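Enquirer: Give me a model of this one.
(2 chains)
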Amino acid sequence: QVLLVQSGADVKKPGASVTVSCKASGYTFSNFGLTWVRQAPGQGLEWMGWISFHKGDTHYSQKFQGRLTVTSDTSTSTAYMELRSLTSDDTAVYYCARVWGLRGFDYWGQGTLVTVSS
Amino acid sequence: DIQMTQSPSTLSASVGDRVTITCRASQTINTWLAWYQQKPGKAPELLIYKASDLESGVPSRFSGSGSGTEFTLTIARLQPDDFATYYCQQYNTYPWTFGQGTKVEIK
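Expert: Numbers count the residues shown, from 1 in each chain, chains lettered A, B, ... in the order given. So this is what the prediction gives:
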């Protein structure tokens, strides 16, 4: 079955960077895209960006432009989300999700809590 | 950015009720809209894509409709497992954006 398994919770200091990984299994990794969505405590969902393996490109929300990078390693079926220059506003649960063409986000990882605190 | 506005923000209902949630886009998104259900402490789950297509494995009591700027998610007969928060999301235009969510509570 399709599984997306994310790396564990992390605590970072303001100004630091964080990398969250998302390991996929149960499907052909390069046939789909992967997106990143975050959710601050008690808040709604916020789309960050995605990587399209079909087209080989990335798209980011302008809000994160310049400090967000999404990459992938097809040899290990793993995607990575790096967010730099962290502030307390970046404290959130970060989710990866599979993107299947124009069908929305059909499978999600379990989420990774990133806490930014001095 | 396209703003997605859901109404109501909170909805109180009883088991067996018919429930409708509305999602309005600030500009046309054709039918590139998805609906998700999220329970506390869990990742969201896809219910509906392309405005009205039911995701595999999702109960048929869930349905979606609409196009352009107005969309609805309907739960035909609310079940205990349906008390959750629901989000709409457009994927017509970057940045993809979510509605603020509608929490369905037990009346």
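
Enquirer: Which stretches in chain A count as strands?
Expert: A:3-6, A:10-12, A:18-25, A:33-39, A:46-52, A:57-60, A:68-73, A:78-83, A:92-99, A:105-108, A:112-116 (DSSP state E).

Enquirer: could you turn the fifth one into CSV, dropping everything but the C-alphas?
Expert: This means strand A:46-52. This file holds the C-alpha atoms of strand A:46-52, laid out as CSV (Å, rounded to 0.1, in the frame of the first residue of the first chain):
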residue,chain,number,x,y,z
GLU,A,46,-1.1,26.2,4.4
TRP,A,47,0.4,25.1,1.1
MET,A,48,4.1,25.6,0.8
GLY,A,49,5.3,24.1,-2.5
TRP,A,50,5.7,21.0,-4.5
ILE,A,51,8.0,19.1,-6.8
SER,A,52,6.8,17.6,-10.0
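
Enquirer: and it, which residues are buried?
Expert: For strand A:46-52, burial by neighbour count (16 or more other CB atoms under 10 Å in any protein chain shown) applies to A:46, A:47, A:48, A:49, A:50, A:51. Every residue, glycine included, has its C-beta placed from N, CA and C.

Enquirer: Quick one: those residues as a markdown table, columns for distance to chain B and pLDDT too.
Expert: As requested, those are exported to a markdown table (distance: CB to the nearest CB, whole Å; pLDDT from 0 to 100):
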| residue | distance to chain B | pLDDT |
| --- | --- | --- |
| A:46 | 7 | 98 |
| A:47 | 5 | 98 |
| A:48 | 9 | 98 |
| A:49 | 8 | 96 |
| A:50 | 8 | 94 |
| A:51 | 13 | 93 |
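
Enquirer: ok, how many other residues are close to residue B:55?
Expert: Using other CB atoms under 10 Å in any protein chain shown, residue B:55 is surrounded by 17 other residues.

Enquirer: Spell out which residues of chain B are next to chain A.
Expert: By the rule CB under 8 Å from any CB of the partner chain, the part of chain B lying against chain A is B:1, B:32, B:34, B:36, B:38, B:43-46, B:49-50, B:53, B:55, B:87, B:89, B:91, B:94-101.

Enquirer: Give me the subset of those residues that lies in strands.
Expert: In strands, judged by DSSP E, the following of these are found: B:34, B:36, B:38, B:45, B:46, B:49, B:53, B:87, B:89, B:97, B:98.

Enquirer: who's in contact with the third one?
Expert: Right, the one you point to is residue B:38. Residue B:38 is in contact with A:45, B:44, B:45, B:84, B:85, B:86, B:87, B:101, counting by CB atoms under 8 Å, 6 or more residues apart in numbering or on different chains.

Enquirer: For residue B:51, see how far away residue A:79 is.
Expert: Taking CB to CB, to the nearest Å as the measure, residue A:79 falls 27 Å from residue B:51.

Enquirer: Ignore what I typed, I meant residue B:32.
Expert: When distances are taken as CB to CB, residue B:32 and residue B:51 turn out to be 8 Å apart.
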